[in-house]
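Peer 1: Pasting the sequence and the predicted coordinates here, then a few questions.
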Amino acid sequence: VINRAQESIKYLDLIVDRVRQQLQQNNINMKFNALLILQEVFETLAQRLSRENIQFIIDIPHTEKTFYVSGDPLRLSQVLTILINNAIDAYSRGPVGKLRKIELLAGFENDSLLVSVVDYGPGVSKKIRSNLFKPLASSKKNGLGIGLFIARQIIETHFRGSLELGHSQQYTEFKIILPREKK
């Protein structure tokens, strides 16, 4: 219990510091390695995933060690955290005993980074799909319905990319496409 409390405090301190930094420097726009952010988010959420008994797989191709994008690394971290936390929450609504696995997958296409967050929970109903990225639309009992709205806004306006829901019925996949920073 003490270890969990310390982990939570450390995580909250990190979030508070990042938000404070974001407020002070309103619009950080820098060139950063997006692949490192994927790894950082994985490390930040690994203990929660373990506690929830969810297998987490991160698959970043080893062909490239860097993929630079322009923007605020905190904002990319926020988007990934929203998507992964939503996947974790989906398992609490799904049937017990079903495969509990989340995958963070990265790949390259043309001059873009493709990032997918995949879970095998109960899925997204047709009714929810049509309003998924709208504010105040939530399938969670106590959800605010702003997470996916904010995530899409960040990806589209801040990174000039896209965030979409995949079409599979066997799993839920959110796809992020980020353009490479021009040299």
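Peer 2: Perfect, I can see it now.
Peer 1: Tell me, how many residues neighbour Lys65?
Peer 2: 10 (other C-beta atoms under 10 Å). The C-beta positions use only the backbone N, C-alpha and C, and glycine is treated the same way.
Peer 1: I misspoke; the intended subject was Tyr11.
Peer 2: Residues within reach of Tyr11, counting by other C-beta under 10 Å, total 14.
Peer 1: any idea which element it lies in?
Peer 2: helix 2-24 (DSSP states H and E).
Peer 1: what residues does the next helix or strand after that helix touch?
Peer 2: Using DSSP H and E, the helix or strand that follows helix 2-24 towards the C-terminus is strand 30-33. Residues from elsewhere that reach strand 30-33 (C-beta atoms under 8 Å, 6 or more residues apart in numbering): 66-73, 181.
Peer 1: Buried subset of the residues you listed, written for PyMOL?
Peer 2: Filtering the contacts of strand 30-33 down to the buried ones (16 or more other C-beta atoms under 10 Å) takes a single PyMOL command:
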select buried, resi 67+68+69+70+71+72+73+181
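Peer 1: Show me the two of the contacts of strand 30-33 that sit farthest apart.
Peer 2: Thr66 and Asp72 (17.7 Å; C-beta to C-beta).
Peer 1: Ile102 is in contact with Asp89, isn't it?
Peer 2: No: counting by C-beta atoms under 8 Å, Ile102 stays clear of Asp89, with 11.1 Å between them.
Peer 1: Neighbour count for those two, which is higher?
Peer 2: Using other C-beta under 10 Å, the more surrounded residue of Ile102 and Asp89 is Ile102, with 25 against 19.
Peer 1: Could you pull up the mean pLDDT of the one helix or strand the more buried one maps to?
Peer 2: Assessed by DSSP H and E, Ile102 sits inside strand 101-109. In this model, strand 101-109 has a mean pLDDT of 92.
Peer 1: And for stretch 9-17?
Peer 2: On average, the pLDDT along stretch 9-17 is 71.
Peer 1: Report pLDDT for the residue nearest the centre of the chain.
Peer 2: Central residue of the chain (C-alpha atoms, centre = their mean): Leu80, 1.7 Å from the mean position. We have a pLDDT of 95 for Leu80.
Peer 1: Cool, thanks, talk later.
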